[in-house]
Structures are given as C-alpha cells and as structure tokens.
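Peer 1: Structure for this input, please:
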Amino acid sequence: MRVRADDLSSVPGDSRLLRPAERRELCALHLLGSRREEWIRGRVAIRRAVARWIPHASRCRVHSESSGAPLVVGVDCTVSLSHDGLWFAVALAPGHALRIGVDLCRRVHTDRLAPILRRFTGRGVQLDPVVQWAALECVLKMRRWGIMALIGSDARVRRDGRRVLVHGIGPDASLHVIDRPEFVVVWGSEGQP
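Peer 2: I've put the predicted structure just below:
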C-alpha cells in the first residue's frame with residue numbers, strides 16, 4: 001500500500017479538471033461552494049496517485065460508491081481518500097484483497113477534538129487528540145462504518161512509535177502514523193471479511 005499527502009491549494013476547484021463521467025456525477029450530487037471544490041480536488045488527488053504509482057492507468061476515472069467512498073474505475077486497485085482544508089491524503093493498494101483506510105487531520109483541530117472524543121468514546125482522550133481522532137477515522141473508513149459506530153464504544157487507542165493500535169471497535173487494528181508540524185496522517189489495511 002502506498003500513501004501520499006499533498007497540499008492541493010494550487011489546484012483550482014474547476015470541473016474542467018474532471019473526466020466526463022466525473023462531471024456528470026458531480027452535477028447529480030448538487031454540491032456547492034467549498035464542498036464542490038473539495039470533491040473535485042479529491043478526484044484530482046486520486047488520479048494523480050494512480051498515475052504516479054500505476055503509470056499504465058493514468059487515464060482512469062473515479063466514481064463514488066453508494067457509501068460515498070471513492071472507487072477507481074478501470075484499474076484493479078483499492079483507494080481511500082481523506083482531506084482537511086486544502087490537504088489531501090490518498091492511500092492506494094493493488095487489487096481488492098485489502099480494505100484500506102487513510103485519515104489526515106490538521107493540528108489546528110487539537111483543542112476541539114478533546115470534547116468530541118469524550119462524546120463519542122467511553123474512554124475520552126487517551127493520547128494526542130489529533131492522532132487518536134485520525135486513527136479512529138482510519139478504522140471506520142477501513143470497515144466502511146459511520147461515525148455512529150463509536151458511540152458508547154470501548155475504543156482504546158495506544159501509540160507505539162510510528163504505529164497506533166486501536167482496540168474495542170471490531171478486530172484490533174495496527175495502523176501507521178506520520179506526524180508533521182501541520183497535520184497527522186494515519187493509514188492501515190486489513191483483509192476483506
């Protein structure tokens with residue numbers, strides 16, 4: 001699995017950057033303003049990652065599954081996308097044998113995450129709130145679960161060097177973490193059920 005985080009502030013939120021099928025999907029979603037621009041930049045980020053890591057597939061397109069998760073059409077790979085402001089992270093794995101997840105969370109959210117973690121998990125804040133939140137989000141994305149799966153959970157998160165261990169919300173998960181001054185990226189994978 002490969003992961004990349006990019007600042008896409010230089011990419012305009014312009015629908016002309018999309019493939020025709022992506023433009024049709026965008027129109028059907030009726031997104032406006034910043035949400036529309038994020039959606040466009042997300043597709044650009046995914047296509048850039050595919051082109052970088054799977055060069056023969058550079059003309060791929062991205063479709064949204066019913067869950068909202070991105071699906072790369074015409075390429076045998078699994079993808080996960082995260083964004084926070086103008087920062088985007090893409091995780092890409094060959095084939096479909098793995099469920100993957102990635103979450104990018106900017107450090108500007110540190111103060112507001114503590115009460116959110118207390119609300120959603122019985123144990124509250126257990127470590128750096130940005131790392132903890134990104135780890136929980138990553139697990140939810142891997143399993144295609146919504147945020148409500150955390151309510152009343154006994155989710156436990158522990159840092160172990162460059163890994164984060166998550167227990168108490170389904171099978172245990174061992175995730176990778178990278179800290180940057182501006183953000184944290186957490187990613188992981190597990191086999192299909």
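Peer 1: okay, CA-based contacts and neighbour counts for the rest of this
Peer 2: OK.
Peer 1: Using PDB, write down the CA coordinates of the helix or strand hosting Asp111.
Peer 2: Assessed by DSSP states H and E, Asp111 sits inside helix 110-120. What follows is helix 110-120, C-alpha atoms only, in PDB (Å, rounded to 0.1, in the frame of the first residue of the first chain):
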ATOM      1  CA  THR A 110      -6.400  19.800  18.600                       C
ATOM      2  CA  ASP A 111      -8.500  21.900  21.100                       C
ATOM      3  CA  ARG A 112     -11.900  21.000  19.600                       C
ATOM      4  CA  LEU A 113     -11.200  17.200  19.400                       C
ATOM      5  CA  ALA A 114     -11.000  16.600  23.100                       C
ATOM      6  CA  PRO A 115     -14.700  17.100  23.700                       C
ATOM      7  CA  ILE A 116     -15.600  15.200  20.500                       C
ATOM      8  CA  LEU A 117     -13.600  12.200  21.700                       C
ATOM      9  CA  ARG A 118     -15.300  12.300  25.100                       C
ATOM     10  CA  ARG A 119     -18.700  12.400  23.400                       C
ATOM     11  CA  PHE A 120     -18.000   9.500  21.000                       C
END
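Peer 1: Need the contact partners of that helix.
Peer 2: By CA atoms under 8 Å, 6 or more residues apart in numbering, the residues outside helix 110-120 that reach it are Gly124, Val125, Pro129, Val130, Trp133, Met148, Leu150, Ile151, Gly152, Ser153.
Peer 1: Just the buried residues of it, please?
Peer 2: For helix 110-120, a neighbour-count test (16 or more other CA atoms under 10 Å) marks Leu113, Ala114, Leu117, Phe120 as buried.
Peer 1: Within the sheet, what are the partner strands of the helix or strand where Arg4 lies, with directions?
Peer 2: Here Arg4 sits within strand 2-7, counting by DSSP H and E. Here strand 2-7 has these sheet partners by DSSP bridges: strand 87-94 (antiparallel).
Peer 1: Okay, and the beta partners of Leu92?
Peer 2: Taking DSSP bridges as the rule, Leu92 bridges to Arg2, Val79.
Peer 1: Could you count how many residues lie near it?
Peer 2: 23 (other CA atoms under 10 Å).
Peer 1: and it, what does it touch?
Peer 2: Neighbours of Leu92 in contact, by CA under 8 Å, 6+ apart: Met1, Arg2, Val3, Ala49, Val50, Cys77, Thr78, Val79, Ser80, Ile100.
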